[in-house]
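Novice: Take a look and give me a structure for this.
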Amino acid sequence: MNMGERCGWVGSEQIYLDYHDTEWGVPEYDSRALWEKLVLDGFQAGLSWITILKKRDGFRAAFQGFDPNVIAEWGADDVTRLLGDPGIVRHRGKIEATITNAQAWQRIEANEGFATFLWKYVDFTPVQNQWDRLDQVPASTEISVQISKDLKKAGFKFCGPTIVYAFMQACGLVNDHLTGCPCHGPVAQIGQHGMPR
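Specialist: Numbering: from 1, shown residues only. Predicted structure coming up:
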């Protein structure tokens, strides 16, 4: 794939190229994986995604594979431990939010399933956008504003409309690969059947 053809936000580092080519925009239907990505997008607030991407393995190690059922039981000692871990972004508010977000995830998962909770906003099928240029891509949408409100109501933190829209893009609830990007068509094809139910 010619690097110049990719979406313009991708840097030149291989980890970023691989993420764009194989992961970004591909529909994710697993509740735990969706939660992990939302947490990581929350950690990204105020930082670049490449920073989080480079530390993702460190995050996965520190947060026990992002198992919300484990993290929901954590307390002050775990926060202190994580604040001393150089493998992650050491931000007390975001670490504490991860624990409360795990508890909120448990409630939603028990009620209807976290994947169902999120995918219902797009009728269980990815929105196929047709952006030609990066400056056409919104930072947030009415749907991301609504999801953000509902997540906050459910007890989530670090999930504003912009974070939620970045999450929707990453997890394939919307296909925001530019129309000239070689990934646009394949990602659209993967999502055409929607969420298995």
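
Novice: Could you list every helix and strand that the lengthiest helix in the chain packs against?
Specialist: Counting by DSSP state H, the longest helix found in the chain is helix 92-111. Applying 3 or more C-beta pairs under 8 Å, 6 or more residues apart in numbering; DSSP states H and E, we find helix 92-111 packed against helix 31-44, helix 68-71, helix 76-83, helix 114-119. From N, CA and C alone the C-beta is placed, and that goes for glycine too.

Novice: between that helix and helix 31-44, how big is the angle?
Specialist: 160 degrees (axes from the mean of the first three to the mean of the last three C-alpha atoms, to 10 degrees).

Novice: Show me what counts as buried in helix 92-111.
Specialist: 94-99, 101-106, 108-109 (16 or more other C-beta atoms under 10 Å).

Novice: how many degrees apart are that helix and helix 76-83 in direction?
Specialist: Using the same axes, to 10 degrees: helix 92-111 against helix 76-83 is 120 degrees.

Novice: How about residues contacting helix 92-111?
Specialist: Outside of helix 92-111, the residues that reach it under the criterion C-beta atoms under 8 Å, 6 or more residues apart in numbering are 31, 35, 38-39, 42-43, 45, 63, 68-72, 74-75, 78-79, 82-83, 114, 117, 151, 154-159.

Novice: Buried ones only from these, please, as a PyMOL command.
Specialist: To isolate the buried members of the contacts of helix 92-111 in PyMOL, using 16+ other C-beta under 10 Å:
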select buried, resi 31+35+38+39+42+43+45+63+68+71+72+74+78+82+114+117+151+154+156+157+158+159
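
Novice: on that earlier part again, CA atoms only for the longest helix of the chain - export them in PDB, please.
Specialist: What follows is helix 92-111, C-alpha atoms only, in PDB (Å, rounded to 0.1, in the frame of the first residue of the first chain):
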ATOM      1  CA  ARG A  92      -4.800   9.700  38.800                       C
ATOM      2  CA  GLY A  93      -8.200  10.900  37.500                       C
ATOM      3  CA  LYS A  94      -8.000   8.600  34.400                       C
ATOM      4  CA  ILE A  95      -6.800   5.600  36.500                       C
ATOM      5  CA  GLU A  96      -9.600   6.100  39.000                       C
ATOM      6  CA  ALA A  97     -12.100   6.500  36.100                       C
ATOM      7  CA  THR A  98     -11.000   3.200  34.700                       C
ATOM      8  CA  ILE A  99     -12.200   1.500  37.900                       C
ATOM      9  CA  THR A 100     -15.500   3.200  38.000                       C
ATOM     10  CA  ASN A 101     -15.900   2.600  34.200                       C
ATOM     11  CA  ALA A 102     -15.400  -1.100  34.800                       C
ATOM     12  CA  GLN A 103     -18.200  -1.000  37.400                       C
ATOM     13  CA  ALA A 104     -20.400   0.900  34.900                       C
ATOM     14  CA  TRP A 105     -19.500  -1.600  32.200                       C
ATOM     15  CA  GLN A 106     -20.600  -4.500  34.500                       C
ATOM     16  CA  ARG A 107     -24.000  -2.900  35.000                       C
ATOM     17  CA  ILE A 108     -24.600  -2.300  31.300                       C
ATOM     18  CA  GLU A 109     -23.200  -5.800  30.400                       C
ATOM     19  CA  ALA A 110     -25.600  -7.500  32.800                       C
ATOM     20  CA  ASN A 111     -28.500  -5.400  31.600                       C
END
